[in-house]
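A.B. asks: got a predicted model here, sequence first, then my questions.
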Amino acid sequence: MNVSSKPVRKAVFPVAGLGTRFLPATKVMPKEMLPINDRPLIQHVYEEARDAGIEEFIFVTGRYKNMLEEHFDYQPELEETLSSRGKEDMLAAVRDSEMPEGKLFTTRQPKPLGLGHAVWCAHKLVGNEPFAILLPDDIVNHEKGCLAQMIETYNEFGGNVVAVKNVPREETNKYGILDIGEKKGAAVSIKGLVEKPNPEDAPSTLSIIGRYILQPEIFEHLSVFERGAGNEIQLTDAMAKLLGVQPFHGLRFEGQHFDCGSRLGFIAANLAYGLKDPAVSAGVRSIIKDLL
């Protein structure tokens, strides 16, 4: 490990959004509880963080999000019922979804002021140490989780690391886009960050997806509450102020990325995860063939 790199022990999950693109399905149920194959979105990203060695899990919630906490809580009646019926495989799956005692922390984002503001709301719980951010809309299908890959890069270079992938140039106005420097294997140093640039102004087509490892100094810049694109407090704008001050790298991760914040991405993710699940993969293939 780089001697200047403190270990990444905490992860922030911004889960305060309303999920309007999935209405009416998300009228009552948080969008993070929408299922991808056999588990909700939030569990996929929790498991990715857990498997990467994260020890503390911080949910930045909003109104009507209590179901998220309940999902990770101990459910004695359900476990007793499954045990009494001999459903050991289901019992094991339920127990695997439980958060270890004292590891789940919550804070509220009272107003929808942007991702940067949501992250700032967790600053007291993060404290003065590096931390990860995982957006539940984004999931990566790979044997080694995206965050685990990023931590390897962080251990090598220190500083800040974001997960990146190429997007079509005509879609750069939907993402944070990198101005890249030196290539270092799967990693690239970052010279600049631009939030949602027009295609003709984009310095590259390398886009940030919803995975970050950041140093606590980011909170100094977020606390100014500077408004950016969409009149929101943008995380990308605060990250740009760390460039040249701390190491900053983008990692071109391995695996299939799905933007489950869109209906098409959500459907694609369900198909992909269903196809790799031995319990249903043959049936999924048959259904796809029949529908086509």
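C.D. replies: Received it, and whenever you're ready, just let me know what you need. As the structure is a prediction and not an experimental result, all values here were calculated from the model. Residues are numbered from 1 along each chain as shown.
A.B. asks: so which residues of the chain form strands?
C.D. replies: Under the criterion DSSP state E, the chain contains strands at 10-14, 35-36, 39-40, 56-61, 104-108, 131-134, 138-141, 160-166, 176-184, 187-195, 206-214, 248-252, 256-259.
A.B. asks: ok, which of the ones you listed comes nearest Met239?
C.D. replies: Across the strands of the chain, Met239 has its closest neighbour in strand 187-195 (5.7 Å, C-beta to C-beta). (Glycine included, C-beta is placed from N, CA and C.)
A.B. asks: name the residues that touch that closest one?
C.D. replies: For strand 187-195, contacts defined as C-beta atoms under 8 Å, 6 or more residues apart in numbering pick out 153, 156-157, 161-162, 164, 176-182, 201-203, 206, 208, 228-229, 234, 236-237, 239-240, 243, 247-252.
A.B. asks: residues of it that come out buried?
C.D. replies: Across strand 187-195, burial judged by 16 or more other C-beta atoms under 10 Å covers Ala187, Val188, Ser189, Ile190, Leu193, Val194, Glu195.
A.B. asks: and the pLDDT for the fourth one?
C.D. replies: Right, the one you point to is Ile190. With respect to pLDDT, Ile190 scores 93.
A.B. asks: output the strands of the chain in a markdown table, with distance to Ala122 appended to each entry.
C.D. replies: Listed next are these as a markdown table, based on distance: least, C-beta to C-beta, whole Å:
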| stretch | distance to Ala122 |
| --- | --- |
| strand 10-14 | 5 |
| strand 35-36 | 25 |
| strand 39-40 | 21 |
| strand 56-61 | 5 |
| strand 104-108 | 6 |
| strand 131-134 | 8 |
| strand 138-141 | 18 |
| strand 160-166 | 16 |
| strand 176-184 | 19 |
| strand 187-195 | 20 |
| strand 206-214 | 11 |
| strand 248-252 | 21 |
| strand 256-259 | 23 |
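A.B. asks: so which of those strands is nearest Ala49?
C.D. replies: The closest of the strands of the chain to Ala49 is strand 10-14. By C-beta to C-beta, the value is 4.5 Å.
A.B. asks: between the closest one and strand 104-108, how big is the angle?
C.D. replies: For strand 10-14 against strand 104-108, the angle by axes from the mean of the first three to the mean of the last three C-alpha atoms, to 10 degrees is 40 degrees.
A.B. asks: ok, and what's touching strand 10-14?
C.D. replies: Residues outside strand 10-14 that contact it (C-beta under 8 Å, 6+ apart): 42, 45-46, 49, 54-60, 109, 115, 118-119, 122, 125-126, 129, 131-136, 147.
A.B. asks: how far does that strand sit from the chain's center?
C.D. replies: For strand 10-14, the separation from the chain centroid amounts to 8 Å (computed by C-alpha atoms, centre = their mean, to the nearest Å).
A.B. asks: any regions of this structure where pLDDT drops low?
C.D. replies: Low-confidence segments of the chain (pLDDT under 70): 1-4, 226-231.
A.B. asks: now do the helices in it.
C.D. replies: In the chain, the helices defined using DSSP state H lie at 41-51, 66-71, 76-84, 88-96, 115-120, 123-126, 146-157, 218-222, 235-240, 263-275, 281-291.
A.B. asks: switch the ones you listed over to a markdown table; also include mean neighbour count and distance to Pro24.
C.D. replies: Putting the helices of the chain into a markdown table (neighbours: other C-beta atoms under 10 Å; distance: least, C-beta to C-beta, whole Å) gives the following:
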| stretch | mean neighbour count | distance to Pro24 |
| --- | --- | --- |
| helix 41-51 | 22 | 18 |
| helix 66-71 | 15 | 16 |
| helix 76-84 | 12 | 27 |
| helix 88-96 | 13 | 28 |
| helix 115-120 | 25 | 24 |
| helix 123-126 | 18 | 33 |
| helix 146-157 | 21 | 31 |
| helix 218-222 | 20 | 33 |
| helix 235-240 | 23 | 29 |
| helix 263-275 | 17 | 13 |
| helix 281-291 | 11 | 24 |
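A.B. asks: redo the ones you listed as CSV? Include distance to His257.
C.D. replies: Formatted as CSV, the helices of the chain follow (distance: least, C-beta to C-beta, whole Å):
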stretch, distance to His257
helix 41-51, 12
helix 66-71, 23
helix 76-84, 33
helix 88-96, 24
helix 115-120, 18
helix 123-126, 25
helix 146-157, 8
helix 218-222, 23
helix 235-240, 18
helix 263-275, 9
helix 281-291, 20
